[in-house]
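Peer 1: Generate a structure from the sequence data that follows.
(one chain, ligands or ions: 2)
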Amino acid sequence: MRTFKGGKHVPDNKDLTQGLAIEQMPIILDYYVSLAQHIGKPAEAVVSAGDNVAEGQLIAKASGFISANIFSPVCGVVVGIEKRKNAQGATIDCIHIKSNGEQKVETLQPLSNPTREQIVARIAEAGIVGMGGAGFPTAVKVQPKDFVDTLIINAAECEPYLNCDNRLMIERAKEFIEGTKLLAKACNVERIFIGLEENKMEAYNTLVALDGVSGEKDAQPGDIVVMLLKKKYPQGAEKTIIYACTKRKVPCGALPASVGCIVNNVGTAYAVYDAVVNGKPLYTRVMTVSGRGINNPKNIQVRTGTPLTAIVDFCGGLKEDTAKLVSGGPMMGFSLADLDVCTTKTDSGFLALTSAEASTALPTECINCGRCASVCPMNLMPMYIDFYATCGDTENAVKYGACNCFECGTCAYVCPAKRPIVQSVRLTKMRLREKK
Ligand code: SF4
Ligand code: SF4
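Peer 2: Ligands and ions are numbered 1, 2, ... in the order given. Presented below is the predicted three-dimensional model:
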């Protein structure tokens, strides 16, 4: 079984939604569509209060090289541009759209047998960004300066509880593989690996049953190869999955393209299929709503800008013993103060955790046990990063690798003193940005 050094086996808790088919979330009345659903500059609104919009209509234009177009999730009327909180607690501009129940849908022209240039242009036009959480514009990612020879589809979905990629691969396997081939053409590579954790055998068997897709043992030249990866967190981090699939090591501070690889997520490949073959821009996505604090955990297809309150209602409401709300997975997601947040293109999950599932213990002093260092997939010394960040010594926190940390949270998970190591890393990076 392919894997990487370090990491930790964490209970995956996927059983809550693993066998549940994707449900469509019905249209609601109010949507708040964020202009900052991607890394880079927020998009610029091209609609204003009082405008009528159709589902799929462009409502905000990318405002630079690293930015992305944004589309209306429903037919309705623009109420205005309002300031709202996002999952990270920042205040951002959102376009408030009141749906009017009409069915008018605007699509782009579907493309048949497109060239590489046409696919890249369509990915940009449809506002596609990395849907695993990073939100990096995909059109930029598929055109690196370095020579690349391998596309890796990150299907590890190693975050506990989440099943959205797993369900997409099971229920829409042909479309996902079609999207993967289009992505490979956009990247100009012929070698395609799909890295999938061993706890997704139904998805594995569904994929390898398709023409031109094989497991490692049976692969013929030209096949898309599905690689089984050991179930270990963070198997789905870019650097760890590249190592597991190709044995190539991405140097500190470098991008995957520096070792000839481009990594994209399952949802992104599916969005590329939708944009090229159906002409549908990116304004819906599949997410997992789970945790023992939610009455009816589900995998749902949701429109961007949907308030979490509506999602919670659709999933039967919260149980009384809910202790923590999380946007994303429990390892890399963000704790929410309340449900006053709306979905974006990058939201793979929402969790309501009970006190039995979520740690609410306060941090104590580091006891120098070294556990954090033993699990760090980047071979860092997380205890020193935490120590120096807490002292306000940014220089030494950087010296011990804060900038090479990809914030997987494995160190904090194993820490018996419950040190907030990831927050220390983020604080250090923030202080560095301020300095610059
Ligand atoms: S230091 Fe960073 S990369 Fe290493 S385990 Fe902690 S969060 Fe992950
Ligand atoms: S795991 Fe926690 S207590 Fe142990 S060395 Fe690391 S920071 Fe200190």
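
Peer 1: mind checking how far the closest residue to ligand 2 within the stretch 1-150 of the chain is from ligand 1?
Peer 2: Scanning the stretch 1-150 of the chain for the residue nearest ligand 2 gives residue 8, at 11.6 Å (criterion: CB to the nearest ligand atom). Where C-beta positions appear, they are placed from N, C-alpha and C, glycine not excepted. Distance from residue 8 to ligand 1, counting by CB to the nearest ligand atom, to the nearest Å: 9 Å.

Peer 1: do residue 114 as well
Peer 2: Distance, residue 114 to ligand 1, using CB to the nearest ligand atom: 38 Å.

Peer 1: is it true that that residue lies in a strand?
Peer 2: No: assessed with DSSP: H, G, I helix; E, B strand; the rest coil, residue 114 is coil; it does not lie in a strand.

Peer 1: Numbering from 184 from now on, please.
Peer 2: Understood, numbering begins at 184; the last thing we discussed is residue 297.

Peer 1: helix or strand right after the helix or strand containing residue 534?
Peer 2: Using DSSP states H and E, the element containing residue 534 is strand 532-537. Per DSSP H and E, the first helix or strand lying C-terminal to strand 532-537 is helix 554-558.

Peer 1: The residue of the stretch 184-333 of the chain found nearest ligand 1: helix or strand, and which one exactly?
Peer 2: Nearest residue of the stretch 184-333 of the chain to ligand 1 (CB to the nearest ligand atom) works out as residue 189 at 7.4 Å. For residue 189, there is no helix or strand it lies in under DSSP H and E.

Peer 1: Touching, it and residue 558? I think so.
Peer 2: Yes: using CB atoms under 8 Å, residue 189 makes contact with residue 558 at a distance of 5.4 Å.

Peer 1: what is in contact with those two at once?
Peer 2: By CB atoms under 8 Å, 6 or more residues apart in numbering, residue 189 and residue 558 have these common neighbours: residue 593.

Peer 1: Show me what from the stretch 484-619 of the chain comes close to ligand 2.
Peer 2: Within reach of ligand 2 by CB under 6 Å from any ligand atom, the stretch 484-619 of the chain has these residues: 549-555, 565-566, 569, 598-600, 602.

Peer 1: how about 8 Å then?
Peer 2: 548-556, 565-566, 569, 594, 597-602, 604 (CB under 8 Å from any ligand atom).

Peer 1: Tell me the residues of the stretch 384-533 of the chain that contact ligand 1?
Peer 2: Residues of the stretch 384-533 of the chain lying near ligand 1 (CB under 8 Å from any ligand atom): 417, 420.

Peer 1: residues near the residue of the stretch 184-333 of the chain closest to ligand 1, how many?
Peer 2: The tally of other residues near residue 189 (other CB atoms under 10 Å) stands at 20.

Peer 1: Just the element for the spatially closest residue to it that is not a sequence neighbour, please.
Peer 2: With sequence-adjacent residues excluded and distances taken as CB to CB, 6 or more residues apart in numbering, residue 189 is closest to residue 560, at 4.0 Å. Under DSSP H and E, no helix or strand contains residue 560.
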